[in-house]
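Asks: need a 3D model of the sequence below.
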Amino acid sequence: MTGTPPSSGRKPAAFRLDDTKVRMTDDDTRTPSAGEALITQMSGEDEEPRLPRAASTPKTRFRFGKWLLVGLSGLVSLAIGLAVDSLIRDLFTRTDWLGWLGLALAGLAALGVLGLAAREIAGLMRLTRIDHLRDRLQLAADTDDSKAASSGLRDLLALYLDRPETAHGRKQLAGHMREVIDGTDLVKLAERDLLAPLDLEARRIVMNSAKRVSLVTAVSPRALIDLLAVLFENLRTIRRLSTLYGARPGMLGFLRLARHVVGHLAVTGGMAAGDSLASQVLGHGLAARLSTRLGEGVINGLLTARIGIAAIAVCRPAPFVATRGPTISEFMGELISSTEKPEKPASRPGESDQAAGKQRRDPEA
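Replies: Got it, this is the predicted structure:
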């Protein structure tokens, strides 16, 4: 930013930036009038020209795919409704009690559909609530806002109100909230008193899942079995972690949660974690001490642990402030120690008898 130099015949003058006489302009050839100061934006000579944002923004088009889905789902619903209506009419034609039974079963099925829809909506709302709560607590910790932190922690206490295993932590946190404490420290206390037991259990869930994947991958004879086992174990881990932290999603909520986990992996570089994990494993010398199948099992177990770490970050209703959260190196050490088994050299026949005789002859040996 630079001010326009005074023209010839004008006396130098001082201006405040918030003065009404100060004008912003992009035209560096404009001459200021009497009693006016112009400020022009000087562009750097090395700055390359950029295209407007609209050049790379996709244009909004008609989404015919959604129209197709809506139309097909409507036709399927009408077909099911007409089929049920025809069935109930046929039952009434045969005998009245069969017709009433069919009508009662149709009503029971309708209630079940409404219940499933309500549960899915509640699960989606719960996931949205957790996402907003985590963002609020993160903002309160970053800005050290005690009021915002107290508001977010009250919602956190309400989230775990029906969880008896969190009673002690909720009592401790409620006592801290009655004191005069900074916002960042309040979030740290909530992480220590309320969420620490849940974090410990989450680490155990991820560790056990990584061990199972490592074992199945090491002993299974088919790649298809490996794929199915890893997929099942990862989905099971995500569901258990979401239930642990209070999300309890339905089917649609679970799909949304899985999508968030994949998105978190993509953002944090987890999709390319295979190369780094392989290099770390080779750095520990596993290639020289383990067979190929055991090495693949360890790597798959570490990848499963990576997905579990991402699931913890997505499902946890509060950010990691006091601690950095679980890391892949924590799981690596235990996986390697559980996979590696020290091998004793096989003794040749007669060596044990010779050693025993030598020990009898030399008691100090």
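Asks: what number of residues lie near residue 198?
Replies: 23 (other C-beta atoms under 10 Å). Just so you know, the C-beta spots here come from the backbone N, C-alpha and C atoms, and that holds for glycine as well.
Asks: do residue 222 as well
Replies: 8.
Asks: let me know the pLDDT of it.
Replies: Residue 222 is assigned 74 on the pLDDT scale.
Asks: likewise for residue 356?
Replies: The per-residue pLDDT reported for residue 356 equals 46.
Asks: roughly how far apart are residue 226 and residue 187?
Replies: 41 Å (C-beta to C-beta, to the nearest Å).
Asks: distance of residue 170 relative to residue 204?
Replies: 22 Å.
Asks: more neighbours: which of the two?
Replies: When neighbours are counted by other C-beta under 10 Å, residue 170 and residue 204 differ, and residue 170 comes out ahead with 18 against 10.
Asks: thought residue 194 was touching the more buried one, still the case?
Replies: Yes - under the criterion of C-beta atoms under 8 Å, residue 170 makes contact with residue 194 at 6.4 Å.
Asks: overlap in contacts of these two?
Replies: Both residue 170 and residue 194 are contacted by 157, 160, under the criterion C-beta atoms under 8 Å, 6 or more residues apart in numbering.
Asks: hang on, the earlier thing: between residue 226 and residue 187, tell me which one has more neighbours.
Replies: Taking other C-beta under 10 Å, residue 226 and residue 187 do not tie; residue 187 has more neighbours (27 against 18).
Asks: you'd agree the more buried one is up against residue 139?
Replies: No - with contact defined as C-beta under 8 Å, residue 187 does not count as touching residue 139 (10.3 Å).
Asks: elements contacting the helix or strand encompassing residue 101?
Replies: Element membership of residue 101 [criterion: DSSP states H and E] is helix 96-143. Where contact means 3 or more C-beta pairs under 8 Å, 6 or more residues apart in numbering; DSSP states H and E, helix 96-143 is packed against helix 64-94, helix 146-159, helix 183-193, helix 251-267.
Asks: any chance of those helices in CSV, plus mean pLDDT and distance to residue 308?
Replies: CSV is the format used below for these (pLDDT from 0 to 100; distance: least, C-beta to C-beta, whole Å):
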stretch, mean pLDDT, distance to residue 308
helix 64-94, 88, 33
helix 146-159, 89, 21
helix 183-193, 88, 19
helix 251-267, 69, 9
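Asks: pick the most buried one from those.
Replies: Of all the helices and strands packed on helix 96-143, helix 183-193 carries the top mean neighbour count, a mean of 21, counting by mean count of other C-beta atoms under 10 Å.
Asks: and that helix with helix 146-159, angle?
Replies: Using axes from the mean of the first three to the mean of the last three C-alpha atoms, to 10 degrees, the inter-axis angle of helix 183-193 relative to helix 146-159 is 20 degrees.
Asks: report all helices and strands that helix 183-193 contacts.
Replies: helix 96-143, helix 146-159, helix 167-177.
Asks: give the next helix or strand downstream of it.
Replies: Following helix 183-193 toward the C-terminus (DSSP H and E): helix 196-219.
Asks: follow-up on the earlier one: mind checking which of the helices and strands packed on helix 183-193 is nearest residue 215?
Replies: Residue 215 lies closest, by C-beta to C-beta, to one member of these: helix 96-143, at 31.8 Å.
Asks: now the element after the worst-scoring helix or strand of the chain on mean pLDDT, going C-ward?
Replies: Least confident helix or strand of the chain, by mean pLDDT, DSSP states H and E, is helix 286-289 with a mean of 44. Helices and strands here follow DSSP H and E; after helix 286-289, the next one along the chain is helix 292-315.
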